[in-house]
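Engineer: here is my input, please return the structure:
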Amino acid sequence: MKTVILLSGGVDSTVLLADRIARGDECLAVTFDYGQTHRREIKAAQAIADHYGVGWRSVPFLLGGSALTGNGEIPDGHAETVDATYVPGRNLVMISIAASFAERFSASAVLYGANKDDFGGYPDCRPKFITAIDDAVSIGTVSGVSVSAPFMCMTKKQVIDLGRDLNAPFELTWSCYRGAETPCGTCGACVSLGAA
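Structural biologist: All right, here's what the predicted structure looks like:
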């Protein structure tokens, strides 16, 4: 099966790519430069795509209104409710663009790495959104492209365990929201990895 993978450069999307390759999918990795304040995750995504030898595209577009795009401070801790790291419309826009790539690539699906631990802070990672965007993209594409988040019933720990089983290149990933030389250890992404 041909699939388009939203590859952020973080742990979840890297494990998703590893999983789909292990299943025999032909993958195209698409990374989005949405105006995030650091480039670390984009570089990580390219390195991960290179590691797996899959096609990779970086797509620039600008969003704002989030601490991740320079509007406010990145809070410490895991988001149990929507916080300053929520980027309005991010997954909606990224999935829509990825669906266009899917039709051009003759892929049947767009996949992204949302997991159960993302539900509290990010409404565009929740099952209701995933079902709705799948319906919209399927109706709005000639080939009926599907959208899914295969890890939506898994915790971050379960995703990491799967990645270990698949020998995912965790050393190439970047998840810290702050983008310094080393992970900060206190932002939501770092806390969720530490808890896993």
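Engineer: could you report the distance from the residue of the chain most remote from its centre to Leu7?
Structural biologist: In the chain, Val142 marks the outermost C-alpha relative to the chain mean, sitting 24.7 Å out by CA atoms, centre = their mean. Relative to Leu7, Val142 is positioned 25 Å away (CB to CB, to the nearest Å). (Each C-beta comes from the backbone N, C-alpha and C, glycine too.)
Engineer: dump the residue contacts of the residue farthest from the centre of the chain.
Structural biologist: With contact set as CB atoms under 8 Å, 6 or more residues apart in numbering, Val142 has these partners: Glu103.
Engineer: for the record, mean pLDDT for the longest helix seen in the chain?
Structural biologist: Taking DSSP state H as the criterion, the chain has its longest helix at helix 90-105. Taken as a whole, helix 90-105 has a mean pLDDT of 97.
Engineer: list the buried residues in stretch 109-126.
Structural biologist: Residues 109-122, 124-126 are the ones in stretch 109-126 that count as buried (16 or more other CB atoms under 10 Å).
Engineer: those residues in helices, which ones?
Structural biologist: Reading helices off these, I find no matches (DSSP H).
Engineer: so which of those residues are in strands?
Structural biologist: Ala109, Val110, Leu111 (DSSP state E).
Engineer: please report how far the first one lies from Arg40.
Structural biologist: Right, the one you point to is Ala109. When Ala109 is compared with Arg40 (using CB to CB), they lie 28 Å apart.
Engineer: just to revisit the earlier point, do you know the pLDDT at the residue farthest from the centre of the chain?
Structural biologist: The model's pLDDT for Val142 equals 97.
Engineer: tell me how far Ser96 lies from Pro169.
Structural biologist: When Ser96 is compared with Pro169 (using CB to CB), they lie 29 Å apart.
Engineer: what is the neighbour count of Gly24?
Structural biologist: 7 (other CB atoms under 10 Å).
Engineer: quick one: buried residues of the helix or strand of the chain with the lowest mean pLDDT?
Structural biologist: Across the helices and strands of the chain, mean pLDDT, DSSP states H and E gives its lowest value to helix 188-195, namely a mean of 87. The neighbour-count check on helix 188-195 (16+ other CB under 10 Å) flags Gly188, Ala189, Cys190, Val191, Ser192, Leu193 as buried.
Engineer: distance check, the first one against Asp25.
Structural biologist: From Gly188 across to Asp25, the span is 30 Å (CB to CB).
Engineer: remind me, longest strand of this structure?
Structural biologist: Longest strand in the chain, counting by DSSP E: strand 26-33.
Engineer: what residues of that strand count as buried?
Structural biologist: Here strand 26-33 shows Cys27, Leu28, Ala29, Val30, Thr31, Phe32 as buried, counting by 16+ other CB under 10 Å.
Engineer: pull up the pairing partners for that strand, direction included.
Structural biologist: strand 2-6 (parallel), strand 55-60 (parallel) (DSSP bridges).
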